[in-house]
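Asker: Fold the following, please.
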Amino acid sequence: MTEAMETITRLANGYIQVKVPLPFSLRWVNAYLLPHGGSWTLVDPGLRAAETQAFWADALAELGIAWKDIESIVLTHYHPDHYGLSGWFQEKTGAPVYMSDVAAAYADRLWGENETFSEELIEAFRQHGYPEELIPGMREHLAGVKDQVSPPPREIRILPEPGQSFGMAGQAWKIVGGEGHAPGHRAFYRPESGVILCGDQVLPRITPNIGWLPGGDPDPLGSYLASLESLLAYDVSLALPGHRDPFPEFSGRVRELIAHHDRRLKQIEDLLAEAESYSSHELCDALFGARISGNSHNHRFAMSETIAHAERLAFSGAALRTCEPDSEAGRSVIRYRKA
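Answerer: Below you'll find the model as predicted:
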């Protein structure tokens, strides 16, 4: 059995789950193939790398799917492990790429030809106490991401707004909005079957990263928790997530994610009670420690997550945000203290 076949699962509803390999700790991202006669819709093809291109060539050959059989490419969000191969797939298939208008704008902002986001993020991290000696590693990491999303799609069609219907693989799907993990994230729900393609908004066994971005949503965790509350209204029989395996207990998992973030907020409140103040970098070290040491990829996600939680406490009134001179850093640094 080839590596491709070992990562392919035919689901009972005729959809195909493909575990596309990733070069970091998540190990794989789920792509889904949805049949429509002799054609297919591809959801979230994965991250661009020579290995994943070879993987897809083998997987499609094993499945008996020709490049021309892919009629559309649909993206839940713009993160590289979901979006990265979309332009390459479009070149191979001629299929249009669908994503939200917000996601398309962020993809261009982060990796477009005139991208300035990398330096904006580095400067924002500096303001949150990120040490100067770690900046070169972070800059190198961010530069490497661009190779994982090239080429960009040359044709993007914009998904309908949340609550509206979208035709995908010959079926009508309800567009479900969701913020916090990625601006403009979209999930797709079939009321008739109770199936939801939920991207990274709800994941089993692991918690989606809640990413604070400079110039983005000032309170992404607040937006994420509001999104989770709205998802409790959906009658879901099977969730098809972006990572890990499909699962049936959707509402239960949503409640677990809400509880997880409540615990994390309480953990940060307890830390703030122990010292006069913390920068986000100091909080990040206290929360994640050795798990992120020496790994700029993990450190970026941990910093974004930490800032998102600290800002949620500031917006709720549980913490105070200040900007204070830091003689060691040689600049002012944003700090948080217990309200």
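
Asker: For the stretch 201-339 of the chain, which segments are assigned as helices?
Answerer: With DSSP state H, counting those that start in this stretch, the ranges of helices along the stretch 201-339 of the chain come out as 220-231, 250-274, 280-288, 296-316.

Asker: Now do the buried residues in the third one.
Answerer: Judged by neighbour count using 16 or more other Cβ atoms under 10 Å, the buried positions of helix 280-288 are 280-285, 287-288. In short, each C-beta sits where N, CA and C put it, glycine included.

Asker: for these, which one is nearest residue 55?
Answerer: Using Cβ to Cβ, residue 288 comes nearest to residue 55 of these, at 30.6 Å.

Asker: count of residues packed around residue 122?
Answerer: 19 (other Cβ atoms under 10 Å).

Asker: show me where the stretch 1-150 of the chain has strands.
Answerer: Per DSSP state E, counting those that start in this stretch, the stretch 1-150 of the chain carries strands over the ranges 8-10, 16-21, 28-36, 39-43, 70-74, 97-99.

Asker: In TSV, list these along with distance to residue 267, mean pLDDT and mean neighbour count.
Answerer: Listed next are the strands of the stretch 1-150 of the chain as TSV, based on distance: least, Cβ to Cβ, whole Å; pLDDT from 0 to 100; neighbours: other Cβ atoms under 10 Å:
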stretch	distance to residue 267	mean pLDDT	mean neighbour count
strand 8-10	36	95	13
strand 16-21	32	97	20
strand 28-36	28	97	21
strand 39-43	35	98	24
strand 70-74	37	98	23
strand 97-99	35	98	24
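
Asker: quick revisit: nearest to residue 33, of the buried residues of helix 280-288?
Answerer: Taking Cβ to Cβ as the measure, residue 33 lies nearest residue 288 of the buried residues of helix 280-288, at 35.5 Å.

Asker: sec struct for residue 176, please.
Answerer: For residue 176, the assignment made with DSSP: H, G, I helix; E, B strand; the rest coil gives strand.

Asker: and the closest residue to it other than its chain neighbours, what does it touch?
Answerer: Take residue 176 and drop its neighbours on the chain: the residue closest to it by Cβ to Cβ, 6 or more residues apart in numbering is residue 187, 4.0 Å away. Applying Cβ atoms under 8 Å, 6 or more residues apart in numbering to residue 187 gives the contacts 76, 175-178, 196-199, 201.

Asker: Tell me the spacing between residue 187 and residue 129.
Answerer: 35 Å (Cβ to Cβ, to the nearest Å).

Asker: do residue 44 as well
Answerer: Taken as Cβ to Cβ, the span from residue 44 to residue 129 is 34 Å.

Asker: So the two - more neighbours on which side?
Answerer: Set side by side, residue 44 and residue 129 show more neighbours around residue 44, with 26 against 22, by other Cβ under 10 Å.

Asker: Now do the more buried one, the pLDDT please.
Answerer: According to the prediction, residue 44 has pLDDT 98.

Asker: Test my guess that it contacts residue 34.
Answerer: No - using Cβ atoms under 8 Å, residue 44 makes no contact with residue 34, being 11.6 Å away.

Asker: circling back: present the strands of the stretch 1-150 of the chain as a markdown table; the columns should include distance to residue 264.
Answerer: Putting the strands of the stretch 1-150 of the chain into a markdown table (distance: least, Cβ to Cβ, whole Å) gives the following:
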| stretch | distance to residue 264 |
| --- | --- |
| strand 8-10 | 32 |
| strand 16-21 | 28 |
| strand 28-36 | 24 |
| strand 39-43 | 30 |
| strand 70-74 | 32 |
| strand 97-99 | 29 |
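
Asker: closest to residue 268 out of the ones you listed?
Answerer: strand 28-36 (29.1 Å).

Asker: Sheet partners, orientation included, of the closest one?
Answerer: Paired with strand 28-36 in the same sheet, following DSSP bridges, are strand 16-21 (antiparallel), strand 39-43 (antiparallel).

Asker: want to throw these into JSON lines with distance to residue 301?
Answerer: Shown next, in JSON lines, are those (distance: least, Cβ to Cβ, whole Å):
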{"stretch": "strand 16-21", "distance to residue 301": "19"}
{"stretch": "strand 39-43", "distance to residue 301": "23"}
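
Asker: Looking at those, which is nearest to residue 51?
Answerer: Comparing these by Cβ to Cβ, strand 16-21 comes nearest, at 6.4 Å.

Asker: List of residues touching stretch 64-72?
Answerer: 33, 36, 38-42, 60, 89, 92-98, 168.

Asker: swap in stretch 138-154?
Answerer: 47-49, 73, 80, 83-84, 86-88, 90-91, 97, 107-108, 110-112, 115, 118, 121-122, 125, 130, 296-297, 299-300.
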